[in-house]
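Participant: attaching a predicted model along with its sequence, questions to come.
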Amino acid sequence: MIDPPTMFLALLVSTAAAAAVLLWAYWLNRNERSLLWMAACFAVVATASPLLGHRASFPSWLSIEIGVAVLLFGSGLTWVAVRVFNGQRVILRVPLIGPVLWLIACQVPAFRDDPTLRVIAASTAAALYYFAAARAVAIRDGIVTRLAVAAALSVHGVLVLSRIPFILANTPSGEVSFSGQWFGFATLESAVFVQIIAFLLVSMTKERVEVRLRDAALTDELTGLGNRRAFFEASLSVFAQNARKGRPTTVIVFDLDRFKEVNDRFGHPAGDAVIRAFAQVAIGRLRAGDVVGRLGGEEFAVTLPETTGVQAHLVAGQLSQAFADAVVALGLPGLRCSTSAGIAETPRTADSVEAVLTLADKALYEAKAQGGGKVCVSPVRLPEPADQAA
């Protein structure tokens, strides 16, 4: 038989241990304040555990009214911890709503003296906090562990709510026994949940660090665009997808004309501003599915899915004009800059990215040879796989 006081002792040990682990994790990574808030959540729950597990040792106002209020506040801090992880501001009034309403309701004799009503109210309030936390954490930002955290919070919320029909079905006389097996199982489930959610939260923060490091390795620091490696990885995916659809894919390579003169005459800060101007123009004018990256120096590349060479020529012209206008808008007297562009089109499979980029580079050299400010399309079109097989 599961003894509820023993289970509350297990809950106390579980929450205290989880709080200690999270504090240690926070000490190792001070940027992850969500760990600190979740540790506070577990510390609060640990404080409530002795009051709830040994009701006979405390007056009812302390064990029931204060004990449950503290437990609800701890449940609400789960939502706060998730918001902090998301980079959102702390709103403490939300986790305080449940405890305050609970304390007010306990001043009504009909509620205070009815254990069934108290279990229904406390279970509903706690479950709502867990569901709110699950919803807040379930956003798509490349961190897969978010889904596991959301699932754990949701399952725990459902199990907390399941206490209500169990109480209604097993207490026909209206008398709720807090020494029964159901209460012990509920407490045991909470102790297990604490360990699971602590592990998942640490895993989630670790995964975010890894994602940020990977993003940093694939991001050009000056422009925020993908670097050469990121451009190739994203373009491979685009080429493969369009090959399955039988649609063309076009690559444009841009080079900023006489960029060395810009640096020599106006200084490197102006040169950096010019490079950023092109990046901002590209981001603002390209479609959501297009890929743009900085290959290095003053050279950029764009992959346009489901786009022919003729269509890409129009896009290149629009980007070049918008870039020239953006440079003028920088407000440096005499500062002007144009772009040359080379275009190559192919309907081939994903392994042709390098080949298409090579053709686009050759077209770019031709555009530069014409004095700059030109757009040239490669006359060479890579053969279809069927043509190569023949």
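Facilitator: It's in.
Participant: where does the closest residue to Ala277 other than its chain neighbours fall, phi/psi-wise?
Facilitator: Using CB to CB, 6 or more residues apart in numbering and skipping residues adjacent in sequence, the residue nearest Ala277 is Ala326, 4.2 Å away. Quick note: C-beta positions are derived from backbone N, CA and C, even for glycine. Note on Ala326: backbone dihedrals following degrees, to the nearest 10 are phi -70, psi -40.
Participant: what's the answer for Pro50, then?
Facilitator: Per-residue torsions, Pro50: phi -60, psi -40 (degrees, to the nearest 10).
Participant: any idea how far it lies from Val21?
Facilitator: Pro50 is 21 Å from Val21, where distance means CB to CB, to the nearest Å.
Participant: try Ala138
Facilitator: 24 Å.
Participant: of those two, who's got more company?
Facilitator: Val21 (18 against 15; other CB atoms under 10 Å).
Participant: which residues does that one contact?
Facilitator: For Val21, the contacting residues are Ala198, Val202, by CB atoms under 8 Å, 6 or more residues apart in numbering.
Participant: so it belongs to a strand, correct?
Facilitator: No: judged by DSSP: H, G, I helix; E, B strand; the rest coil, Val21 forms no part of a strand; its state is helix.
Participant: what is the mean pLDDT for stretch 146-165?
Facilitator: The average pLDDT within stretch 146-165 is 93.
Participant: could you dump it to CSV, C-alpha only?
Facilitator: Extracted C-alpha coordinates of stretch 146-165, given in CSV (Å, rounded to 0.1, in the frame of the first residue of the first chain):
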residue,chain,number,x,y,z
ARG,A,146,10.3,21.8,-26.7
LEU,A,147,7.8,19.2,-27.9
ALA,A,148,8.9,16.8,-25.2
VAL,A,149,8.5,19.5,-22.5
ALA,A,150,5.1,20.4,-23.9
ALA,A,151,4.0,16.8,-23.9
ALA,A,152,5.2,16.2,-20.3
LEU,A,153,3.4,19.3,-19.1
SER,A,154,0.2,18.3,-20.9
VAL,A,155,0.2,14.7,-19.6
HIS,A,156,0.8,15.9,-16.1
GLY,A,157,-2.0,18.4,-16.5
VAL,A,158,-4.4,15.7,-17.7
LEU,A,159,-3.4,13.4,-14.7
VAL,A,160,-3.9,16.2,-12.3
LEU,A,161,-7.4,16.8,-13.8
SER,A,162,-8.1,13.0,-13.6
ARG,A,163,-8.2,13.3,-9.9
ILE,A,164,-11.6,15.0,-10.2
PRO,A,165,-13.6,12.2,-11.8
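Participant: and the contacts of that stretch?
Facilitator: 78, 82, 119-120, 123-124, 126-128, 130-131, 133-135, 137-140, 182, 186, 189-190, 193, 196-197, 200-201, 203-204.
Participant: just the buried ones from those residues?
Facilitator: Among these, those classed as buried by 16 or more other CB atoms under 10 Å are 78, 82, 119-120, 123, 126-128, 130-131, 133-134, 137, 182, 186, 189-190, 193, 196-197, 200-201, 204.
Participant: next, the buried residues of the longest helix belonging to the chain.
Facilitator: Identified as the longest helix of the chain according to DSSP state H is helix 181-217. For helix 181-217, the neighbour count (16+ other CB under 10 Å) marks 182-191, 193-194, 196-198, 200-202, 204-205, 208 as buried.
Participant: same deal with stretch 87-95?
Facilitator: Buried-residue list, stretch 87-95, by 16+ other CB under 10 Å: Pro95.
Participant: could you give me the average pLDDT of it?
Facilitator: 94.
Participant: what does stretch 37-51 give?
Facilitator: 90.
Participant: list the contacts for Val44?
Facilitator: Val70, Leu71, Phe73, Gly74, Leu77.
Participant: so which of those is surrounded by the most neighbours?
Facilitator: Highest neighbour count within the contacts of Val44: Leu77, with 26 neighbours (other CB under 10 Å).
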